[in-house]
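Colleague: curious how this folds, go ahead:
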Amino acid sequence: MGDRWHVEVDRGVCIGSAQCIHHAPDAFRLDSGMQSRPVEAEADANEKILAAAEGCPVEAVMITLLGSGEPVFPPED
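Modeller: From the prediction side, this is the model:
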């Protein structure tokens, strides 16, 4: 069984560019305030969600490993 991720969007940072939806349309939605939300807070690790986080122009998408909380994106410095 592969890794599971916790996916969240910092709504104080999100500018509604929808880049996350472009990269992972099944994993993100824009709400009525035109801000992104993950469809599910927990997801199997996959390249589309990672690409969504990496493609966010303001790094509002955060991914951590479930259980350990180890950052996947953005990576620790």
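
Colleague: please enumerate the strands of the protein.
Modeller: Ranges of strands in the chain, per DSSP state E, are 4-9, 28-30, 36-38, 42-44, 61-65, 71-73.

Colleague: show me the strands paired with the third one, marking each as parallel or antiparallel.
Modeller: Strands flanking strand 36-38 in the sheet, each with its direction: strand 28-30 (antiparallel) (DSSP bridges).

Colleague: just put the strands of the chain in TSV and tack on distance to Ile15, mean neighbour count and mean pLDDT.
Modeller: Glycine gets a C-beta too; all of them are placed from N, C-alpha and C. Shown next, in TSV, are the strands of the chain (distance: least, C-beta to C-beta, whole Å; neighbours: other C-beta atoms under 10 Å; pLDDT from 0 to 100):
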stretch	distance to Ile15	mean neighbour count	mean pLDDT
strand 4-9	11	18	98
strand 28-30	11	17	97
strand 36-38	9	20	97
strand 42-44	23	14	97
strand 61-65	12	19	97
strand 71-73	18	16	96
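
Colleague: including distance to Cys20, could these go into TSV?
Modeller: Formatted as TSV, the strands of the chain follow (distance: least, C-beta to C-beta, whole Å):
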stretch	distance to Cys20
strand 4-9	7
strand 28-30	4
strand 36-38	5
strand 42-44	12
strand 61-65	6
strand 71-73	12
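
Colleague: OK, contacts around the residue nearest the centre of the chain?
Modeller: With distances taken as C-alpha atoms, centre = their mean, Val61 lies nearest the centre of the chain, 3.9 Å away. Shown in contact with Val61 (C-beta atoms under 8 Å, 6 or more residues apart in numbering): 7-9, 20, 28, 36, 52-53, 73.

Colleague: OK, contacts around the residue lying closest to it once chain neighbours are set aside?
Modeller: Leaving aside its sequence neighbours, Val61 sits nearest to Ala53 (C-beta to C-beta, 6 or more residues apart in numbering; 3.9 Å). Shown in contact with Ala53 (C-beta under 8 Å, 6+ apart): 20, 59, 61-63, 72-74.
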